Each structure stands twice: as structure tokens, then as C-alpha cells.
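Undergrad: Structure for this input, please:
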Amino acid sequence: MTHVDAAQLWNAPIPGIELFKAQLFQHRLGKHFHNAYAIGLNEGGQGRCLHQRETHYHAPGSFNCIDPYEIHTGEPASADGWAFRTIYISLPAVKQALAQLGWSAQQLPHFPKIIVNDDSLRSHYRQLFQALSESPSQLTQQSLLLQFLSRLFSRHAQLRPQQRRAKAESKAVSLIRDYLEVHCVENISIDDLAKLAGLNPYYLIRCFRQQVGIPPHRYKQHWQLLAAKQALHTEKPLADIATEYGFYDQSHFTRAFKQTFALPPGAYRKVNFIQS
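TA: Predicted structure coming up:
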């Protein structure tokens, strides 16, 4: 019997929140990051990911908690595949929730461990996911979100300042990360980045890869993907979106999008453009 991968990614009614549901048998999510907190619940089979040079296994009932911009992979690690669902919560949405909880928005949650086991949280998570997917009540969605985040953050997260000081080359890498985010669709050379950072080009690439987890060109392409994903909420043809956001052509865009999000851009647009 041939098993078929299935994945859905859609916007929740609360701004800044996305929902993801997948059953993977063959597809491997390459190195990537999210500009949001990723809170996932493993529901069947077993998954495996590489995060900060360590391999983690995701068993049914466990949570995956990954900070924004943390490079990681994901793939099935059992014959039964890997079934999971994820709630992506943007930084603005988390800051708003912290303020509503009466906590300081100057200290952002940090998950010291990406695998979290907490049996009592599972029912709260499923209620929240269902409400964000099906409930027409904004009050219900927001109430369940705050209840879940309060329990999750207080039990399993640490608070850390938004801005952290680092050594000289880390400051340079941080500068390059910010620059690539803003200028992701531009044709940038390594010499441009080296001059900006004040480092030798090869040394810059080496430092960037060591500290971020992927080389500068891969980091830039991921921001292109995130920008192009937003453009899928418009009526622009896929081919135009591909070239506008720095991909060779529509096929290149489709391959990169599916590798990162587990579904092609057309499937993502079909659900989310209707919502828009």
C-alpha cells in the first residue's frame, strides 16, 4: 500500500496565527525557520528533526516548541509516518498575549527544550486548535489562546530580553540577518555583505553558517519564500510571484515552497485566498 503525504496550512481568524496539519510518510522538510513561535502536537507515528546540531525524536502526545528564527528540519521516522498539527504564533501576537496576561512584553518566551511532555496541556491544545479552525466566536478563540499560552509559557518557557549583546562577529551576523530580511528580493553579492559586516567574505560565510545554521544565500531565500507566501493572498499569477520574489521561474518557486511548507503554493492559495 502506497501512503500519500498530506498537508494543510491556513490562516486562523486571529491575526498573526497560522494553523498547520500534516501526515507525512516520505516528505522531508529541509532546513528552515519560522518568523513565529511554532507550537506543535505530535499525534501519530514518529517524527525526527535536527535542531542546533542535535537530533530529536517526536513521539505521539509530545509537543514541539520552537522559538522564532530557529533553524530546524523535520521528517517522518517510522513506517507509520508522522502525524502532527502546529500553531504558528507571530511575535506581535505573542506580545499582545503577554500584555493581555499582564506580563512584560519586553521579555519574550524562550523554550530551552524543543520537546515538551505535558499530558494536561494536550486537551487545552486540541480545544484551541478546534476553536481556531471551526468556532465563529472570537471570544472563545481568544480565551482559549490566553489560557493555553499562560499554562505553556509559565511551565515550559523562560523569559529573556528581546535584544541580546554578542561578540563582534555575532553582531556582524545579526546585522547581515537583518539586512537580508529587508533586502531579500534584491540581487545581493557576498562582497556587498562582507563590506557591510566588515569581514572577509569567506569568514563571513563560515561565521554565518556556524551561528545561524544555514549559509547566507539559503537564509535570504527563506525570506523570499515568506514574502512570496504573503503574495499568494493576491490574484497575481504564480509565475509573476516567482520572478518578483527572486526565484528563477514558477517551478523553482514551487519546489522551494513545497520543501519548506510540505504543500505547493497553489494548494496554499486555494484555501487562504478564499479566506482573504
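Undergrad: any chance you could map the helices in the chain?
TA: Here the chain has its helices, by DSSP state H, at 91-101, 119-134, 138-156, 168-182, 190-197, 201-212, 216-231, 238-244, 250-261, 265-275.
Undergrad: Can you lay out those helices as TSV showing mean pLDDT?
TA: What follows is the helices of the chain, written out as TSV (pLDDT from 0 to 100):
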stretch	mean pLDDT
helix 91-101	94
helix 119-134	96
helix 138-156	95
helix 168-182	89
helix 190-197	93
helix 201-212	92
helix 216-231	95
helix 238-244	96
helix 250-261	95
helix 265-275	80
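Undergrad: which stretch among the ones you listed comes nearest residue 63?
TA: For residue 63, the closest of the helices of the chain is helix 119-134, at 6.9 Å, according to C-beta to C-beta. Glycine gets a C-beta too; all of them are placed from N, C-alpha and C.
Undergrad: helices or strands up against the closest one?
TA: For helix 119-134, the elements it packs on are strand 17-24, strand 36-45, strand 82-90, helix 138-156, judged by 3 or more C-beta pairs under 8 Å, 6 or more residues apart in numbering; DSSP states H and E.
Undergrad: how about the ones you listed in CSV, adding mean neighbour count?
TA: Formatted as CSV, these follow (neighbours: other C-beta atoms under 10 Å):
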stretch, mean neighbour count
strand 17-24, 20
strand 36-45, 21
strand 82-90, 22
helix 138-156, 16
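Undergrad: Mind putting the helices of the chain into a markdown table with distance to residue 35?
TA: Below are those laid out as a markdown table (distance: least, C-beta to C-beta, whole Å):
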| stretch | distance to residue 35 |
| --- | --- |
| helix 91-101 | 7 |
| helix 119-134 | 19 |
| helix 138-156 | 18 |
| helix 168-182 | 9 |
| helix 190-197 | 20 |
| helix 201-212 | 14 |
| helix 216-231 | 6 |
| helix 238-244 | 19 |
| helix 250-261 | 12 |
| helix 265-275 | 16 |
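Undergrad: ok so, going back, between the helices and strands packed on helix 119-134, which gets nearest to residue 114?
TA: strand 36-45 (9.1 Å).
Undergrad: tell me the angle of the closest one relative to helix 91-101?
TA: When axes from the mean of the first three to the mean of the last three C-alpha atoms, to 10 degrees is applied, the directions of strand 36-45 and helix 91-101 differ by 90 degrees.
Undergrad: Name the residues that touch strand 36-45?
TA: Contacts made with strand 36-45 from outside it, assessed by C-beta atoms under 8 Å, 6 or more residues apart in numbering, are listed as 16, 18, 20, 23, 58-68, 76-78, 80-91, 93-94, 109, 122, 125-126, 129, 152.
Undergrad: report the angle between the axes of that strand and strand 82-90?
TA: Angle, strand 36-45 to strand 82-90, by the same axes, to 10 degrees: 170 degrees.
Undergrad: quick one: strands adjacent to strand 36-45?
TA: Strand pairing for strand 36-45, determined by DSSP bridges: strand 63-66 (antiparallel), strand 82-90 (antiparallel).
Undergrad: Let's have these in CSV, adding mean pLDDT and distance to residue 238.
TA: Formatted as CSV, the strands paired with strand 36-45 follow (pLDDT from 0 to 100; distance: least, C-beta to C-beta, whole Å):
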stretch, mean pLDDT, distance to residue 238
strand 63-66, 97, 29
strand 82-90, 98, 23
